[in-house]
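S.K.: Have a look at this fold, sequence not included:
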């Protein structure tokens, strides 16, 4: 049964192989993000692995799709593992609030390698990560996806997500349409979305 693991040296060769095959957890920047990670691994593999658990936001700034650079949020990444690397799921947040800055497209993003898709792995990865979000005290997490990405929408719905709004992604992401979903922590009070909110987040 696939499980989430905290990235360690023993997982790195399989992860590196996925990057070399063209996969990337960054579904927006794609191959460019994969090349960046391969370079970081080659330069200092230990530092790369340490950056997968960055609860104090000490890592380097984030480059957005339009080339702009923003400060990193606290975050962590887990790898889905079944004896080899299957995919990645990440969580980011702002301390003391469930709000996210306008440029951040969601609390959680996930990506499964193409050769292991359509096996329910993304649904399982999200389910396994949610307890870590609740442990931080978040009352809910937001996830966004493209209107045509029905596979991602099914993953979110299977984990109790509800559609909050259709929105326009910020300029850094090309101003394209998006859908925002929300998963509430069990027992938390559901809050209504802000009217007219136009910023978003990407899976």
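M.R.: Alright, I've got the coordinates. None of these values were measured; they are calculated from a predicted model.
S.K.: Backbone torsions only: list them for residue 160.
M.R.: Here is the backbone geometry of residue 160 (degrees, to the nearest 10): phi 90, psi 10.
S.K.: Name the residues of stretch 96-112 that are buried.
M.R.: 98, 100, 103-112 (16 or more other C-beta atoms under 10 Å). Glycine gets a C-beta too; all of them are placed from N, C-alpha and C.
S.K.: Can you lay out those residues as CSV showing distance to residue 28?
M.R.: Output for the buried residues of stretch 96-112, formatted as CSV (distance: C-beta to C-beta, whole Å):
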residue, distance to residue 28
98, 23
100, 16
103, 12
104, 12
105, 9
106, 12
107, 16
108, 15
109, 9
110, 13
111, 11
112, 16
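S.K.: Mind picking the lowest-pLDDT entry from those residues?
M.R.: Lowest pLDDT among these: residue 103, with 88.
S.K.: Check the secondary structure at it for me.
M.R.: Following DSSP: H, G, I helix; E, B strand; the rest coil, residue 103 is assigned to coil.
S.K.: which residues sit in contact with it?
M.R.: By C-beta atoms under 8 Å, 6 or more residues apart in numbering, the contact list for residue 103 reads 64, 68, 70, 170, 172, 199.
S.K.: now the residue most central in space within the chain: how far from residue 53?
M.R.: Closest residue to the average C-alpha location of the chain: residue 109 at 2.0 Å, with C-alpha atoms, centre = their mean. Separation of residue 109 from residue 53 (C-beta to C-beta, to the nearest Å) stands at 16 Å.
S.K.: follow-up on the earlier one: quick one: contacts of whichever strand or helix holds the residue nearest to the centre of the chain?
M.R.: Assigned by DSSP states H and E, residue 109 falls within strand 108-112. Under the criterion C-beta under 8 Å, 6+ apart, residues 23-27, 80, 86-92, 121-122, 125-126, 129, 133, 141, 143, 155, 202-203 lie in contact with strand 108-112.
S.K.: Of the contacts of residue 103, which belong to helices?
M.R.: Using DSSP state H, no member of the contacts of residue 103 falls in helices.
S.K.: And the furthest pair within these?
M.R.: 68 and 199 (14.1 Å; C-beta to C-beta).
S.K.: between the two, which one's more packed in?
M.R.: Between residue 68 and residue 199, counting by other C-beta atoms under 10 Å, residue 199 is the more crowded of the two (21 against 12).
S.K.: Now for residue 161: which residues touch it?
M.R.: Neighbours of residue 161 in contact, by C-beta under 8 Å, 6+ apart: 143, 181-183.
S.K.: Sort out for me which of these are in strands.
M.R.: Those of these mapping onto strands are 143, 181-183, per DSSP state E.
S.K.: Show me the helices in the protein, by range?
M.R.: 12-20, 31-43, 45-50, 121-135, 150-158.
S.K.: what packs against the worst-scoring helix or strand of the chain on mean pLDDT?
M.R.: Least confident element among the helices and strands of the chain, by mean pLDDT, DSSP states H and E: strand 62-63 (a mean of 84). Packing partners of strand 62-63 (3 or more C-beta pairs under 8 Å, 6 or more residues apart in numbering; DSSP states H and E): strand 69-70.
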